[in-house]
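>>> only the shape, not the letters, is given here:
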């Protein structure tokens, strides 16, 4: 007599599907975050120059510098995990708009083999939700408007937030959160951003 199939699991014997989770960075993630960030920005036209000749892209060094800075917010350094491996990372650090608290977002890094698969979007939604839950008023970043507008980012100038570098134009963007109450003026990233 043939074995009976469970009607709730019949037909589910296909290929294993990876499950991605987003969680806070842990100390044992640091090397993997560095590797993911370096891989994501290696050879990219707009990448920061290496901190030392022949080294990893500047974004990988920047993450290390930010981790050691007073502007580091552990709750806003998030990793995407698939099959127990870090495949993406995003962070937001303390910044200011005319002396009032805000956040600077970045870098956002995804392993090249996992780009355009929703990892970056999941990280963005998670970090923006976490920032809002922490009562932060505003997040700013430097990036491609065509990518970041899907997360509610808009050019900063019309909102009244002035980029640290005047030539950034519409690539400097802001996303207001629930606690936004009209902060305006010059934006200042955490100190490590000034070293790059």
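Structure received. Being a predicted model, the structure only gives us computed values, none of them experimental.

>>> how far off centre is stretch 53-67?
15 Å (C-alpha atoms, centre = their mean, to the nearest Å).

>>> please begin residue numbering at 38 from this point
Okay, using 38 as the starting number, the last item reads as stretch 90-104.

>>> so what touches it?
The contact list for stretch 90-104, computed with C-beta atoms under 8 Å, 6 or more residues apart in numbering, reads 67, 70-71, 74-75, 77-79, 81, 84-88, 109, 114, 126, 128, 130, 144, 146, 227, 229-230, 232-233. All C-beta spots, glycine's among them, are computed from the backbone N, C-alpha and C.

>>> can you list the strands that the longest strand anywhere in the chain pairs with?
What stands out as the longest strand in the chain, according to DSSP state E, is strand 122-134. Using DSSP bridges, strand 122-134 pairs in its sheet with strand 114-119 (antiparallel), strand 137-147 (antiparallel), strand 222-225 (antiparallel).

>>> from those, which stretch is densest packed?
strand 137-147 (a mean of 23; mean count of other C-beta atoms under 10 Å).

>>> average pLDDT for it?
Throughout strand 137-147, pLDDT has a mean value of 97.

>>> so what touches the next helix or strand after it?
Note on strand 137-147: by DSSP states H and E, the next helix or strand toward the C-terminus is helix 156-170. Contacts with helix 156-170, where a contact means C-beta under 8 Å, 6+ apart, come from 57, 59, 112-113, 115, 117, 124-129, 140, 142, 145, 147-148, 176, 185, 187-189, 212, 214-216.

>>> just how off-centre is the helix or strand hosting residue 184 within its chain?
Using DSSP H and E, residue 184 falls within helix 182-185. Put simply, helix 182-185 sits 14 Å off its chain's centre (C-alpha atoms, centre = their mean).

>>> that older thread, for the longest strand of the chain, what does the pLDDT average out to?
For strand 122-134, mean pLDDT rounds to 98.

>>> any buried residues in the helix holding residue 184, and which?
Neighbour counts over helix 182-185 (16 or more other C-beta atoms under 10 Å) mark residue 185 as buried.

>>> which residue is nearest the middle of this protein?
In the chain, the residue lying closest to the centroid (C-alpha atoms, centre = their mean) is residue 127, at 2.6 Å.

>>> any idea how far the closest residue in space to that residue that isn't next to it in sequence is from residue 192?
Spatial nearest neighbour of residue 127, excluding adjacent residues (C-beta to C-beta, 6 or more residues apart in numbering): residue 160 at 4.2 Å. Distance, residue 160 to residue 192, by C-beta to C-beta, to the nearest Å: 22 Å.

>>> quick one: low-confidence residue ranges for this structure.
For the chain, the stretches flagged by pLDDT under 70 are 38-54.

>>> please redo it, this time with the cut-off set to 50
Along the chain, the parts satisfying pLDDT under 50 run over 38-40, 42-49.

>>> tally of neighbours for the closest residue to residue 190 other than its chain neighbours?
Leaving aside its sequence neighbours, residue 190 sits nearest to residue 210 (C-beta to C-beta, 6+ apart; 4.0 Å). Using other C-beta atoms under 10 Å, residue 210 has 26 neighbouring residues.
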